[in-house]
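1. coordinates only, sequence not included:
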């Protein structure tokens, strides 16, 4: 099951689609089925050693997002990225931000 | 040795053996049995002889990979192995050295992946929506960033995390990302 294509601007509120575990339950009449972000935290770590490799030595970024479920429940979602992965996500976020500015300009 | 000499007799099977060991240990290739390797690479060898060779070569490769040896460390290590009782021959050392030079990056990548047990970001998509319905009149026509992240762990089904960011939250996220960038730069400058 694939997420919707990236970059489609100015869409109507998101409709229901069936998803694997962890997806938000759609609520009829609610304004969104996507979860709001409450807080963002990050950590930069260094993996030093493991049982299969005594000399790992790689840095990685861990982020934890505090999200509000539609039910009102607060959950923490955390994930890890290698530095190359982080460097891909970084410009993606900037593009997203600039799209929003464009959207604001279209409205005014 | 000025130029690289052509590989001696027996280099090809050993190279193949090292590949087989790496496939099984690092690249998750199931079904590479001792029997398979012996049949393909050393059909003339007696089973107990082959087992001894396999054990020895596995041990050497695992030591090299575990320490992520650079060329200096590799040379010192392999030389020591040739001097040991029951160690390796100079020819074998040459084959191992060549194999490691060619496969180090891939093996290291596999080792890193094997040690990542928490959620990693498999995919990330985004779009910008306009809220056209809202309980709150002042939210109509405000742009909202919708981000969908695919999070997954090794060997498990992915979880799709569907998030919504208003402008303030996008700004906050960008600030955090640039803090991370600064930290990464500081780290890479000191190491």
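-> Cool, got the structure. This structure is a prediction, so every number in the text was calculated from the model and none was measured.
2. next one: the residue of chain B found nearest chain A from residue B:121, what distance?
-> Using C-beta to the nearest C-beta, the closest approach of chain B to chain A is made by residue B:159 at 3.4 Å. C-beta: built from backbone N, CA, C; applies to glycine. Look at residue B:159 and residue B:121: by C-beta to C-beta, to the nearest Å, they are 11 Å apart.
3. now do residue B:180
-> 14 Å.
4. and for residue A:75?
-> Using C-beta to C-beta, residue A:75 is found at 17 Å from residue B:121.
5. wait, residue A:44 sits on residue A:80?
-> No: with contact defined as C-beta atoms under 8 Å, residue A:44 does not count as touching residue A:80 (11.0 Å).
6. out of those two, which sits in the busier spot?
-> residue A:80 (21 against 17; other C-beta atoms under 10 Å in any protein chain shown).
7. and that one, what helix or strand is that in?
-> Counting by DSSP states H and E, the element that carries residue A:80 is strand A:74-82.
8. tell me what that strand is packed against?
-> Counting contacts by 3 or more C-beta pairs under 8 Å, 6 or more residues apart in numbering or on different chains; DSSP states H and E, strand A:74-82 is packed against strand A:58-68, strand B:120-130, strand B:143-152.
9. try it again with 6 Å
-> Secondary-structure packing of strand A:74-82 (3 or more C-beta pairs under 6 Å, 6 or more residues apart in numbering or on different chains; DSSP states H and E): strand A:58-68, strand B:120-130.
10. quick one, what contacts residue 66?
-> No chain was given, so I picked chain A. By C-beta atoms under 6 Å, 6 or more residues apart in numbering or on different chains, residue A:66 lies in contact with A:38, A:39, A:76.
11. that's the other chain; I wanted chain B
-> A:53, A:54.
12. mind checking how far it is from residue B:114?
-> When residue B:66 is compared with residue B:114 (using C-beta to C-beta), they lie 12 Å apart.
13. for residue B:170, same thing?
-> Residue B:170 is 35 Å from residue B:114, by C-beta to C-beta.
14. neighbour count for those two, which is higher?
-> residue B:170 (23 against 17).
15. who touches the residue nearest in space to the middle of chain B in this structure?
-> Nearest to the geometric centre of chain B sits residue B:109, at 1.7 Å (C-alpha atoms, centre = their mean). The contact partners of residue B:109, by C-beta under 6 Å, 6+ apart, come to none.
16. I'd like the average pLDDT over the helix or strand hosting it.
-> Remark: residue B:109 resides in helix B:90-114, with elements defined by DSSP H and E. Averaged across helix B:90-114, pLDDT comes to 94.
17. and that helix with strand A:58-68, angle?
-> Helix B:90-114 and strand A:58-68 are oriented at 10 degrees to each other (axes from the mean of the first three to the mean of the last three C-alpha atoms, to 10 degrees).
18. how about helix B:90-114: buried residues?
-> Residues of helix B:90-114 classed as buried: B:92-100, B:103-104, B:107-108, B:110-112, B:114 (neighbour count, 16 or more other C-beta atoms under 10 Å in any protein chain shown).
19. thinking again about what came up before, more neighbours: which of residue A:75 and residue B:121?
-> residue B:121 (20 against 13).
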